[in-house]
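# Below are the sequence and a predicted model for it; my questions follow.
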Amino acid sequence: MQATLSTAPNRAMGFLLFIAGMGGLLYGIDVGIIAGALPYLESTASVAWKLTAQQLGFIVAAVLLGSVLSSLFAGALADLVGRRAAMVIAGALFTLSIPLIALADGYLPLMLGRLLQGISGGLIGVVVPLYLAECLHARHRGRGAALFQLLLTIGLVAAALIGLFQAQEVDSATTAAQNLAEAQRAAAVFAAKDHAWRSIFWVCLVPGLVFTLGGLLLSESPRWLARKGRTAQARAALLRTRPAAEAEAELRDIELALSPAATANAGAGDRLLSRRYVLPFLLACLVLALTQATGINSILAYVVTILNQAGLPGATANMADVALKVLNAVMTVVAVVLVDRKGRKFLMMLGTGGIVVALLVAGLLFRSVEGEQADISAMLQARTQGDSLVLRLDPATLQALGGTAGDGTAMQLSLAYSYGPFTNVQSRRSDDPALPELRLAREDTVQADSVIGAFFRRLHLNPFADPAEGANAPLRIEQAHLSAVPPATHGWQVALAICLFVASFAVGPGVCVWLALSELMPNRIRSNGMSVALLINQFVSTVIAAVFLPTVGQYGYATLFFYGAGCALLYFLTATFLLPETKGKTLEEIDAHFSR
């Protein structure tokens, strides 16, 4: 009997950590799944649905935008219905998003599905760390939150493996189609790529179902139950994961923090930006904003595209992506072991310092090849006919544009163009088996007016481009650069720099940012404070993801890497001089520290 009682808390704790970890898995899939799908989505949807680079950027950023939207109400929802119910809602939304994306037949359903996925991710990002912080004992809280990050990295690995498998399928289909006529070969490759990105999303349905159904079997947060006056249920929730003596002692601390005397001491200052709360709140917001300002989500989302541009071909870039995600998971395990030994502050300093070095190296590597690009804007402008341009990177075209087609060197073209306020970016490589046609046309670039755009223009506000201004505007080649595809050695050097970036992020911010979010916020403002902080976090991430493709088309990859290095340096200084150590302290002790 005694053995049964002693093992019950361990089983309950294991189940709690497993389901909460599945939330991290879904969050990782949210961020990582687009990396493997994007090259095929770009190859097919941009042709079938005439998507622009900005629209593709919106598809990538939609998950992050959805997180921003859900962050606005995640804390209030968790306070209203409870942490467990909010987790179940998040899982259900993720599960519903999969068929909406995989069955999409146009831009709008695809965008809505990704947005729904992001709303789910935003809820998970707030509620699961909040749930773990309120359910786990102080001595387990660091590893519990780190486990969330570990499963997040495993989600990234799973997404990368799915992408690698589909990349190999596409390569096999491409090889099998080599002997077909040109039109048949192009159709076969197109069909394989279209099937690939849809299959990548379908595989993600299972973990969504596991998280949703598992959440129904969890107990509610004891601190939420205590705040609602349900003391008996709070005691029962604590007893599920703690010995009786520890449960009673912790319940007394919780009741003391919620007592009328403590409430009276808080008084009218019990507001989010009151003097006693403003420092930890702003510090948590700064940490989360800088986490995304390093560009982590965008680099993980575009990593296959980045490595392709750096010189790694096809499935090789997908294999490097898998290696990156595995490294991320391994280093997260290292962080799980160290976080309650070395402390949060030490790991944050170590991680952010490594990020600065990695991004500087990656920026310098891209600068070395981007400096050798030939500007052919004038030549392409001269080739335009009737405000349109059509060309293929075949040997004759490359010869005319000054490319070295004779020695077999693969060439790549990066092109930015506009019709009035409507801009787009396209790129082509001469070693693409399908050798797709590059076609610039007004009807593919100037988008029809939207209800939202028309509404704002009636208010004399114009955040969106006006179709009337692009209707008669001439085609203008903003930038056009032709260069040799970098050698594979250059691609592997960039991959190593990104490996250092990912490893450093996993050891420091990857694990500690969730702890900072849940630990720095005082008990009375934790749910709303976490929502606001995560809102800032996801807003920064969304902006970077949305402007990524247009920015690299205009200014190159080096610019974005140097920008990330500058933000990482500021992050290092914040971790060194502003971040306190919270290792081994209860949430109530951390609250008391900032109150003083």
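Sure thing, it's come through. Bear in mind that the values here come from a model prediction, so they are computed numbers and not experimental data.
# secondary structure element for the closest residue to V333 other than its chain neighbours?
Computed as C-beta to C-beta, 6 or more residues apart in numbering, the closest residue to V333 that is not its neighbour in sequence is L150, at 6.3 Å. Quick note: C-beta positions are derived from backbone N, CA and C, even for glycine. Using DSSP states H and E, L150 sits within helix 138-176.
# continuing past that helix, what's the next helix or strand?
Using DSSP H and E, the helix or strand that follows helix 138-176 towards the C-terminus is helix 182-202.
# State the mean pLDDT of that next one.
Summarised as a single mean, pLDDT over helix 182-202 is 83.
# same deal with stretch 17-26?
Stretch 17-26 comes out at a mean pLDDT of 77.
# Using PDB, write out every CA atom in it.
Only the C-alpha atoms of stretch 17-26 are listed here, as PDB (Å, rounded to 0.1, in the frame of the first residue of the first chain):
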ATOM      1  CA  LEU A  17       5.200  16.500 -17.900                       C
ATOM      2  CA  PHE A  18       4.400  14.300 -20.900                       C
ATOM      3  CA  ILE A  19       1.300  16.200 -21.900                       C
ATOM      4  CA  ALA A  20       2.800  19.600 -21.100                       C
ATOM      5  CA  GLY A  21       5.800  18.400 -23.200                       C
ATOM      6  CA  MET A  22       3.400  17.500 -26.000                       C
ATOM      7  CA  GLY A  23       2.500  21.200 -26.000                       C
ATOM      8  CA  GLY A  24       6.100  22.000 -26.600                       C
ATOM      9  CA  LEU A  25       6.100  19.500 -29.400                       C
ATOM     10  CA  LEU A  26       3.200  21.200 -31.100                       C
END
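# Begin at 638, not 1, for the rest of this chat.
Noted, 638 is the first residue going forward, which turns the last one into stretch 654-663.
# Could I get the contacting residues of L961?
Counting by C-beta atoms under 8 Å, 6 or more residues apart in numbering, L961 touches 797, 940, 1132, 1135-1136, 1139.
# which one of those residues sits closest to L984?
V1139 (15.0 Å; C-beta to C-beta).
# Q1010 reaches A1121, doesn't it?
No. Under the criterion of C-beta atoms under 8 Å, Q1010 is not in contact with A1121, lying 9.3 Å apart.
# low-confidence ranges in the stretch 1038-1187 of the chain?
1040-1045, 1070-1072, 1085-1102, 1151-1168, 1171 (pLDDT under 70).
# the helices in it, which residues?
Ranges of helices in the stretch 1038-1187 of the chain, per DSSP state H, counting those that start in this stretch, are 1079-1082, 1088-1095, 1104-1107, 1125-1142, 1148-1156, 1163-1192.
# can you pull the contacts of the residue nearest to V970?
658, 661, 966, 969-970, 973.
# Show me these that map onto helices.
658, 661, 966, 969-970, 973 (DSSP state H).
# Now a ChimeraX select for only the buried ones of those residues.
For the buried members of the ones in helices among the contacts of L787, the matching ChimeraX selection, counting by 16 or more other C-beta atoms under 10 Å, is:
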select :658,661,966,969,973
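# which one of the ones in helices among the contacts of L787 is nearest C841?
Among these, and counting by C-beta to C-beta, the member closest to C841 is G661, at 14.2 Å.
# Could you check how far the closest one is from V1148?
Look at G661 and V1148: by C-beta to C-beta, to the nearest Å, they are 11 Å apart.
# Check L1133 too.
22 Å.
# what's around M659, how many residues?
Using other C-beta atoms under 10 Å, M659 is surrounded by 25 other residues.
# what separates the closest residue to T1021 other than its chain neighbours from Y1054, distance-wise?
Excluding the flanking residues, the one nearest T1021 by C-beta to C-beta, 6+ apart is L1112, at 5.3 Å. Distance, L1112 to Y1054, using C-beta to C-beta: 6 Å.
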